[in-house]
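Engineer: Quick one, what's the 3D model for this:
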Amino acid sequence: MAAKKGAEKVLMMVAFTESIFFPIPQDLLLIPMGLSRPRKVFRLATLCLVASVLGGVVGYFIGLFFMELVGLAIINFYGLADKYLIIQEWYDRYDAWAVAVAGISPVPYKVCTLTAGAFKINFAVFVIASVLSRGLRFYLVAAVIYWQGERARDFLEKRFDLVVSLTLVLVVLGFILIKFI
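Structural biologist: Below is the predicted model:
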């Protein structure tokens, strides 16, 4: 899929929807696409960034205007309803840092986008923190692929199952971190 025509559109769709509800991170598509086109990896990271932040903005407005109707259903789907008020406390205490942590870490960014709107954190702060943290995440992946090139490809080809498994474990740990904190 990574080398096929239309892969960039799929990457953007995954990045956009992952910011709202989709459970699988776009990194799982960005990495093989970047390895198949290392000269375009920073373009791919930019596509991820733009689509992810746009999805984050949609998530923010869902939280702002439709939290009761839509946002809580998404949060309940992930089993995080009991952490809703804890997340509000994080925003009250850490503001942009809470968004930045969710943007770069395995903490689910979708939960951040919905709750940021629901708790009415400053929209400009939300967007700036999202751009900086998501940008750092995607461009760091791109930099490793660009500068390590064939070594990164060899590593991933030999250990792709391990890398995918570790990525999925990090995603699950992000959900667990929110659920039990």
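Engineer: Name all residues that make contact with the residue most central in space within the chain.
Structural biologist: Geometric centre of the chain, nearest residue: Tyr109, 5.0 Å, by Cα atoms, centre = their mean. Contacts for Tyr109 (Cβ atoms under 8 Å, 6 or more residues apart in numbering) come out as Glu18, Ser19, Ser52, Gly56, Ala102, Gly103, Arg134. The way it works is simple: take the backbone N, C-alpha and C, and place the C-beta from them, glycine included.
Engineer: Now intersect these with the helices, please.
Structural biologist: If you go by DSSP state H, these have Glu18, Ser52, Gly56, Ala102, Gly103, Arg134 in helices.
Engineer: Pull the contacting residues for the nearest residue to the fifth one once chain neighbours are set aside.
Structural biologist: To tie it back to what came earlier, the one meant is Gly103. Sequence neighbours aside, Ser133 is the residue nearest to Gly103 in space, at 2.8 Å (criterion: Cβ to Cβ, 6 or more residues apart in numbering). Counting by Cβ under 8 Å, 6+ apart, Ser133 makes contact with Val99, Ala100, Val101, Ala102, Gly103, Ile104.
Engineer: May I ask which of those has the most neighbours?
Structural biologist: Greatest neighbour count in the contacts of Ser133, by other Cβ atoms under 10 Å, goes to Val99: 29 neighbours.
Engineer: pretty sure that residue is touching Leu114, no?
Structural biologist: No. Look at Val99 against Leu114 with Cβ atoms under 8 Å: they stay out of range, at 12.0 Å.
Engineer: And for Val125, the neighbour number?
Structural biologist: Neighbours of Val125 using other Cβ under 10 Å come to 14.
Engineer: what sits against it?
Structural biologist: Val125 neighbours (Cβ under 8 Å, 6+ apart): Asp95, Ala96, Val99.
Engineer: In helices, which of these appear?
Structural biologist: Per DSSP H, these map to helices at Ala96, Val99.
Engineer: hang on, the earlier thing: export the contacts of Ser133 as TSV, with columns for distance to Tyr91.
Structural biologist: Putting the contacts of Ser133 into TSV (distance: Cβ to Cβ, whole Å) gives the following:
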residue	distance to Tyr91
Val99	8
Ala100	12
Val101	11
Ala102	11
Gly103	14
Ile104	17
